[in-house]
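Student: below: sequence and its predicted model.
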Number of protein chains: 2
Amino acid sequence: MSSRTVRYELIHQDQHSSARRGRLYTPHGVVELPTFMPVGTNASVKAMLPDEVLSTGAEVILGNTFHLMTRPGHELINNLGGLHSFVGWHRTILTDSGGFQVLSLKDRLTINEQGVRIQSPYDGQYYNLSPEISVQVQEALGADIAMAFDECPPHDSTKAYVEASMARTTRWLDRCIAERKYPERTSLFGIVQGGTFEDLREEHAQTLISRNLDGYAVGGVAIGESKPDMLRVAEFTARQLPTDRPRYLMGVGHPEDLVMAVASGIDMFDCVVPTRNARNGRLFTRHGHLVLKNACHKMEAGPIDSECGCPTCQNYSLAYLRHLWATNEILVHRLTTMHNLWFFGSLMRRIRSAIVEDRMNELVEEICAVWGSG
Amino acid sequence: MSSRTVRYELIHQDQHSSARRGRLYTPHGVVELPTFMPVGTNASVKAMLPDEVLSTGAEVILGNTFHLMTRPGHELINNLGGLHSFVGWHRTILTDSGGFQVLSLKDRLTINEQGVRIQSPYDGQYYNLSPEISVQVQEALGADIAMAFDECPPHDSTKAYVEASMARTTRWLDRCIAERKYPERTSLFGIVQGGTFEDLREEHAQTLISRNLDGYAVGGVAIGESKPDMLRVAEFTARQLPTDRPRYLMGVGHPEDLVMAVASGIDMFDCVVPTRNARNGRLFTRHGHLVLKNACHKMEAGPIDSECGCPTCQNYSLAYLRHLWATNEILVHRLTTMHNLWFFGSLMRRIRSAIVEDRMNELVEEICAVWGSG
């Protein structure tokens, strides 16, 4: 359906796995799938300028609804022309619904049928979040892709709780749909919940599909369940979803998770891992993690990874990076973040090639040999 | 003398002031004078990449001998090919002598004829600094311009103390000269001391000139004396110095100081003001300072300065910068530092034009009308 706000195109289906090479057309450009989306919580991919993020191969960045509605406020961003121009990122933006904060700030909130009341960890103020508010905020920000407002129950919830929560998430989804005012500008993705219970996942996927949404996400994963459980749920849920819509696995992940989830039919990922690890001095290399503070790097004249093409590896020795780390220089966060995002961008390029050449399973093996298979 | 390591060329002498438009040829390129040199204490101009620093118009950066000898160590930098390649800055580098730390860490040191013993504020370790060590370190770093090891007595010292200290600084200078092993690679500038006493300044200038050095600095200023005293000393000392060598006013300063000192015949400046103020949210504009955290900027759609050509002003609203400030995002330090260094680079371009057009005095008036005359 070419009248959709975002449109998925299948380019190639891997012959030996469920991996698919696709393309997503959004109001702000084309996204080659599978893609990894860096997180820009406070309207900034930490330490990076938009052009630098783009140079790593990323074509979508994430914004956080709850953070942005509290600081600086979505009306302010809307008055200044929307999140794209505020940030200076002129490609696709996806915003979360704020629902995930329901989980991460659970000591600071009350939840009921109407929605959620959260106390901000920054100013102690109380904020209401509901399906309606979430859609209003995401549309005010001008996101290309808005996420439906959902509850993400803790991974150790009972089946009864997950089932009841899922039903409420569906009622919230219908309120999100009813609230949309700018569907031609901001698409809406639904989020499949259901915990680790396959019957619930199947039921919820069918419910969402009946709403004919722009895309579907697998939610409620990577929140403390085991890695095999996470991958099983991702694979099972992906199988339930229509082939003509993008599939987004939320909050994942590590290199081995990405390749395995792609092989299960996932198209989109977001995670703070590359950026947060960078700021903690944990760097990704083709041989595995490298810990910057380790004394063994003190006199190392070579780069982080001699085969890496990122500007950091082209220009700087590990000795210099470790020195910046030891002296607490701001510059180190830029250089390490650039490297880690480049690693993820590069991995996604390899994934896209592997799919087109029907050798995704081999890439899964290769990556898992370095990073483990969970 | 074209065989000098660095060579000064006079291009134009302003007809109505002592301002001079010159050029400095160093082993790493040409420096248009007058110039402002950003400070890169720990082998990094804080938050910035070398290309960005260069884009602001800076052609020389400073490194700090004491900081670099303690972390990561000058031998390490030398083994990796020197400071230029360590930092990725392929233009001129000037290093201080470590002598200034004698003043700034005065509670942590002992000083005698041999040199100085300092306790590092980072690891509590003791380090010796002497004329010989200072030259060894600066040559190991591969600086284009090394500064002679001096004592910078506190601004409220007695004349007797200043005179005795000055005599020792001369003895230290002669030991620096004797220690030089790579004069074809690393030039040596002498530092005129003498406090605020003109007879001492004159005497010390003559002493230094007799050593026929590559350049001369005015030291012992901007350390707590009044601004009129600072400018008087700079002007008086500049008059004592030969016309065929560069003159460097150390640790200065603010826009009004720069223009007045240029009008007195100074060619080179360094100061942490643009970079440190940037990180404190104090921004330079053609109307004066702007304090980023002020609530009045919260919804401001315009840039820091609508006439500024820097990448920050080209791409970002004050509202965005203030939001990054409020959320403590690393990116704000990059964007504000870029702006402030651009402001200084732009001011130096205006100064160089004004000299060539014999209207330096008018520029002094114009800048002092905004920034005060001290």
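Tutor: Sure, I can see it. Numbers count the residues shown, from 1 in each chain, chains lettered A, B, ... in the order given.

Student: need the contact partners of stretch A:118-135.
Tutor: A:65-66, A:69-71, A:97-99, A:101-102, A:105, A:108-109, A:114-117, A:146, A:148-149, A:172-173, A:175-176, A:179-180, A:188 (C-beta atoms under 8 Å, 6 or more residues apart in numbering or on different chains). C-beta: built from backbone N, CA, C; applies to glycine.

Student: drop anything exposed from the residues you listed.
Tutor: A:65-66, A:69-71, A:97-99, A:101-102, A:109, A:115-116, A:146, A:148-149, A:172-173, A:175-176, A:179-180, A:188 (16 or more other C-beta atoms under 10 Å in any protein chain shown).

Student: and chain B, which of these contact it?
Tutor: residue A:71 (C-beta under 8 Å from any C-beta of the partner chain).

Student: from the buried ones among the contacts of stretch A:118-135, which land in helices?
Tutor: Using DSSP state H, the subset of these located in helices is A:65, A:66, A:69, A:70, A:99, A:101, A:102, A:172, A:173, A:175, A:176, A:179.

Student: how about those residues in CSV, adding pLDDT?
Tutor: Below are these laid out as CSV (pLDDT from 0 to 100):
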residue, pLDDT
A:65, 95
A:66, 94
A:69, 95
A:70, 93
A:99, 83
A:101, 76
A:102, 69
A:172, 98
A:173, 98
A:175, 98
A:176, 98
A:179, 98
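
Student: just name the closest of these to residue B:326, please.
Tutor: Of all those, residue A:70 has the smallest distance to residue B:326: 10.6 Å, by C-beta to C-beta.

Student: name the residues of the stretch 1-150 of chain A found near chain B, please.
Tutor: For the stretch 1-150 of chain A, the residues in contact with chain B (C-beta under 8 Å from any C-beta) are A:42-44, A:46-49, A:67, A:71-72, A:76, A:79-81, A:86-88.

Student: narrow those to just the buried residues.
Tutor: A:42-44, A:46-49, A:67, A:71-72, A:76, A:80, A:86-88.

Student: now go through those and say which are in helices.
Tutor: A:67, A:76, A:86, A:87.

Student: now those as TSV including pLDDT?
Tutor: Shown next, in TSV, are those (pLDDT from 0 to 100):
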residue	pLDDT
A:67	94
A:76	98
A:86	98
A:87	98
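
Student: could I get those residues as a markdown table with distance to residue B:316?
Tutor: Shown next, in a markdown table, are these (distance: C-beta to C-beta, whole Å):
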| residue | distance to residue B:316 |
| --- | --- |
| A:67 | 19 |
| A:76 | 14 |
| A:86 | 9 |
| A:87 | 9 |
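
Student: quick one: the strands in the stretch 251-374 of chain A?
Tutor: Assigned by DSSP state E, counting those that start in this stretch, the strands in the stretch 251-374 of chain A fall at A:268-270, A:282-285, A:288-291.

Student: dump those to TSV, plus mean pLDDT, distance to residue A:136 and mean neighbour count.
Tutor: As requested, the strands of the stretch 251-374 of chain A are arranged in TSV below (pLDDT from 0 to 100; distance: least, C-beta to C-beta, whole Å; neighbours: other C-beta atoms under 10 Å in any protein chain shown):
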stretch	mean pLDDT	distance to residue A:136	mean neighbour count
strand A:268-270	98	22	23
strand A:282-285	98	38	22
strand A:288-291	98	41	13
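
Student: for chain A, give me the ranges with low pLDDT.
Tutor: Across chain A, residues meeting the criterion (pLDDT under 70) sit at A:1-3, A:102, A:374.

Student: report the longest helix in it, please.
Tutor: Taking DSSP H as the assignment, the helix of chain A that covers the most residues is helix A:331-356.

Student: can you report how many residues lie near the residue of the stretch 101-250 of chain A at minimum distance from chain B?
Tutor: Across the stretch 101-250 of chain A, the shortest distance to chain B (C-beta to the nearest C-beta) belongs to residue A:122, at 8.3 Å. As a burial measure, residue A:122 scores 12 neighbours (other C-beta atoms under 10 Å in any protein chain shown).

Student: residue contacts, the residue nearest to residue A:330 when sequence neighbours are not counted?
Tutor: Ranked by C-beta to C-beta, 6 or more residues apart in numbering or on different chains and with sequence neighbours excluded, the top spatial neighbour of residue A:330 is residue B:47, at 4.3 Å. Each residue near residue B:47 by C-beta under 8 Å, 6+ apart is listed here: A:330, A:331, A:334, B:275, B:278, B:279, B:330, B:333, B:334, B:337.

Student: switch the residues you listed over to TSV; also include neighbour count and distance to residue B:192.
Tutor: Formatted as TSV, those follow (neighbours: other C-beta atoms under 10 Å in any protein chain shown; distance: C-beta to C-beta, whole Å):
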residue	neighbour count	distance to residue B:192
A:330	18	35
A:331	27	34
A:334	26	39
B:275	24	26
B:278	27	31
B:279	16	31
B:330	18	40
B:333	24	35
B:334	26	37
B:337	26	31
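
Student: which of the residues you listed sits closest to residue B:17?
Tutor: Among the contacts of residue B:47, and counting by C-beta to C-beta, the member closest to residue B:17 is residue B:275, at 28.5 Å.

Student: any idea how far that closest one lies from residue B:255?
Tutor: For residue B:275, the distance to residue B:255 equals 15 Å [C-beta to C-beta, to the nearest Å].

Student: could you count how many residues lie near residue A:346?
Tutor: Residues lying near residue A:346 (other C-beta under 10 Å) number 19.

Student: OK, contacts around it?
Tutor: Contact analysis of residue A:346 by C-beta under 8 Å, 6+ apart lists A:57, A:308, A:309.

Student: can you show me the strands along the stretch 51-200 of chain A?
Tutor: Ranges of strands in the stretch 51-200 of chain A, per DSSP E, counting those that start in this stretch, are A:60-63, A:92-95, A:109-111, A:116-119, A:126-129, A:145-147, A:187-192.

Student: so of these, which one's packed in deepest?
Tutor: strand A:145-147 (a mean of 29; mean count of other C-beta atoms under 10 Å in any protein chain shown).
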